[in-house]
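> next come a sequence and a model predicted from it.
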Amino acid sequence: MAQLTLVFHALTDPTRRAVVERLRGGPVATTELAARFDMALPSFLQHLGVLQKCGLVRSSKKGRVRTYELSTAPLKAAEDWMATQRLLWARRLDQLDTFLNELKEPPE
């Protein structure tokens, strides 16, 4: 559950969500990835650090070039958790609906 908390925390930030969206197209070098954001490189690297800590991205280095790529396993875990919650709440709302309808019915 701690991993899931880190994933949701990472995705609260619009910059990090944009990075995840960009990496859906495949691996990207750090400088190319950072170029589209209006911030200093050290600040951008902090965002990448958050994404890396929760497992959403992983990096590799060839020579002087560091490349980042998306890791989808944490997104799948978040999706599974949300699907479970959706089913739970749908069932609860159905039960509430049934209860309220029973209250509306006149006694016989």
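Received, thanks. Every value quoted in this text rests on a predicted model; they were computed, and no experiment measured them.
> and Glu105, what does it touch?
Residues in contact with Glu105 (CB atoms under 8 Å, 6 or more residues apart in numbering): none are found. C-betas here are computed from N, CA, C, even on glycine.
> distance of it from Asp94?
With the distance defined as CB to CB, to the nearest Å, Glu105 ends up 17 Å from Asp94.
> any regions of this protein where pLDDT drops low?
107-108 (pLDDT under 70).
> in the one helix or strand Ala83 maps to, what's buried?
Per DSSP states H and E: Ala83 is located in helix 73-104. Neighbour counts using 16 or more other CB atoms under 10 Å place Pro74, Leu75, Ala78 of helix 73-104 among the buried residues.
> adding distance to Leu56, write these out as a markdown table.
Formatted as a markdown table, those follow (distance: CB to CB, whole Å):
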| residue | distance to Leu56 |
| --- | --- |
| Pro74 | 5 |
| Leu75 | 7 |
| Ala78 | 9 |
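> give me the residue at the spatial middle of the protein.
Leu11 (4.5 Å; CA atoms, centre = their mean).
> what sits closest to it if chain neighbours are left out?
Nearest non-adjacent residue to Leu11, counting by CB to CB, 6 or more residues apart in numbering: Arg17, 5.7 Å away.
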